[in-house]
Structures are given as structure tokens and as C-alpha cells.
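**Q** okay, structure incoming, though there's no sequence with it:
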């Protein structure tokens, strides 16, 4: 009997197939279907910092001025009343989800500043969430802001949240640091229970006919897995925090790659938006078939088998591979 169980955020999950934050989790019926399809855990859609700390007029001005988009936003420049639920509605959604399913429910807070919004994590804990994912979606545009100041923001947010709650905390972050390995270590040292690699920045586009900036949300493709794959392989065995692969997980081979690199779990949203929640069953079936045909008995046996510290060629994840790729390519 093949053992698909894995550990993540101090929880034992039935499988490494986790549903990442997306509009799919706005429906309790969908959450039930996720459990029926075999999800190891479910990350709820994000509650935004702006919903918690801005007055409506200030929120409106902030959102209509910005130059960034997010997959979980309803529109590129949403009116304040287009958010599906406010803070209290989000807490009630957690309660209903916990009543409806046994699958672990991970709440998601999306913010960029170490302010009072982090205190809302206490209410999320009280509502019954099994864990919290901090989705730090940060695009610094201040010309005077240094890289070290940007990094400190991430650390301050994590420290504030960890000081307020006892449930496990994951940090979902971007790869855009001067030294990603050092940033991972600093978050690990501060007590991050997991790192979710990576947040995808959704870039705006320009409508040349209407002369408008508009959202152009592109769902991920399997090629997007390359970046988290590299960093998970590098970090595996070097930090205590769990590792979650997100972006580019579309089929069983993507799950296998991430597990071999060292991921505890693989997170999926785009593939489910395209194929429906039941697609989880298809991925699990092929995952089991592959493991059986290659004589793997468990996810634990596979995990990290092709990480950097276990690789016969550790340089494959570093500059040597870059040089090899460019010098061996032929038209």
C-alpha cells in the first residue's frame, strides 16, 4: 500500500496535494468537493490588508491608484463594495468550512506592511483555522527604500503575527531578493513554520485603444515550476521550515518533481480553475501509478531525493547549469 501522507505546518496530511488560495474556496460546496477529491489541505482565498485597516474612501483611493494586480482580486481596480466578504464574513467562512469538512483549513492574509492588520490573525485563530498563510504581496516603488528595508518588512510582519498566535504560520513570498537563501534562513530563524515558494506577481497590461491600464491575469503553466523547483532543492535540508511548491503544479509529473526537490506539499489552483476540482483525483491516480511502477512506497521515501544536498552534481542547481544550458543549446 503506497503511503501518500506528508507533514506540513505541524499537521499530518492525507496527501501532498493542497489547494492553494483562489476564488474556488469562496464556496463551501467547493470546499466539500475538494475534500471529496482528496485534497490534503485547503488554503482559503486571501483577506487583504486593505480590507482591515483602511477606511472605505482611503481604500478606494489606494486601489484605483495602484499599478499591480492579484489573482484573487475580483477586478484590476475593484470598487470597495466588490470584495465578496469583509473581515467578519471571512471569519464566518472559516467557521463554516471547519464545520463542513475534516480537511485542514489554512486561512490566508495578504498584506505588505507591519501594521494593525496582523492582529487579525488572532481572530482567524479563534475562528478555528488550523494554520495561517501570510501572503506578502509586496512591490516596493519608493526610490529611497533600500533592499534591507524591504527584507525587514517581511521579517517584521512574521514576527508580529507569530507573537499573537500559536497556530502554525507559513510565509508566501516572492523570489526577488538579492540573496534568497539568506532571506529564507532569516524567516526560518524567526520561526516561520513553512515557506511557500513562490508568489506570482500579476503584471498589468495596457489597452492601446482605450488608453487604459487593465488586468491581464495569466494562469500559471507547468514551466512556472522551474523557479520554485530550484529553490526548494537548494533549501531542502538547510532550514527547519517546511517547503511548499506553488505555481506550475499542473499534473502528476509536476508533483513528483517538487517532492523529489524537497517539497512537503504541492499547491494547485490554476489547474483546478481550468479543469475543475475533481481534477485532483486524476492527479492523485497518476501519482500513485507512477510511484507503484517505480517502486516507491511513500512520499517520505521520495522527498528530497533529488535535492541539492543529495544530488550527485550539486552545481546543477547553480551557475554551472546556466553555463551548460547556454553552451549546449543548438538550433
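**A** Ah, there it is. Note that the structure is a prediction, hence the values are computed from the model and not measured. Residues are numbered from 1 along each chain as shown.

**Q** helices of the stretch 101-250 of the chain, start to end?
**A** Secondary structure of the stretch 101-250 of the chain, counting by DSSP state H, counting those that start in this stretch: helices at 120-127, 147-164, 180-189, 226-235.

**Q** nearest to residue 264, of those?
**A** Closest to residue 264 of the helices of the stretch 101-250 of the chain is helix 226-235 (CB to CB; 9.4 Å). Where you see a C-beta, it was placed from the backbone N, CA and C, and this is true even at glycine.

**Q** quick one, the closest one and helix 180-189 angle?
**A** Helix 226-235 and helix 180-189 are oriented at 60 degrees to each other (axes from the mean of the first three to the mean of the last three CA atoms, to 10 degrees).

**Q** contacts for helix 226-235?
**A** 175, 180-181, 184, 195, 197-198, 243, 245-248, 257-258, 261-263, 306-308, 311, 317 (CB atoms under 8 Å, 6 or more residues apart in numbering).

**Q** how about that helix: buried residues?
**A** By neighbour count on 16 or more other CB atoms under 10 Å, the buried set for helix 226-235 is 227, 228, 229, 230, 231, 232, 233, 234, 235.

**Q** of the residues you listed, closest to residue 124?
**A** Using CB to CB, the buried residues of helix 226-235 come closest to residue 124 at residue 228, 25.4 Å.

**Q** which non-adjacent residue is nearest the closest one?
**A** residue 197 (4.2 Å; CB to CB, 6 or more residues apart in numbering).

**Q** next up, the contacts around the one you found.
**A** Residues near residue 197 by CB under 8 Å, 6+ apart: 173, 175, 227, 228, 231, 232, 243, 244, 245, 246.

**Q** what's the pLDDT at the last one?
**A** Looking at residue 246, its pLDDT reads 95.

**Q** and the nearest residue to it once chain neighbours are set aside, helix, strand or coil?
**A** Distance criterion CB to CB, 6+ apart; nearest residue to residue 246, sequence neighbours excluded, is residue 267 at 3.8 Å. Following DSSP: H, G, I helix; E, B strand; the rest coil, residue 267 is assigned to strand.

**Q** what is the burial count for residue 267?
**A** Residue neighbour count, defined by other CB atoms under 10 Å, stands at 28 for residue 267.

**Q** from now on call the first residue 52
**A** Sure, I'll start numbering at 52, so the last one becomes residue 318.

**Q** and it, bridged to which residues?
**A** residue 69, residue 297 (DSSP bridges).

**Q** my guess is it contacts residue 92. True?
**A** No. Using CB atoms under 8 Å as the test, residue 318 is too far from residue 92 to be in contact (9.1 Å).

**Q** so what's the residue count around the spatially closest residue to residue 225 that is not a sequence neighbour?
**A** Closest residue in space to residue 225, ignoring its immediate chain neighbours: residue 250 at 4.9 Å, by CB to CB, 6+ apart. Residue 250: 21 surrounding residues under other CB under 10 Å.
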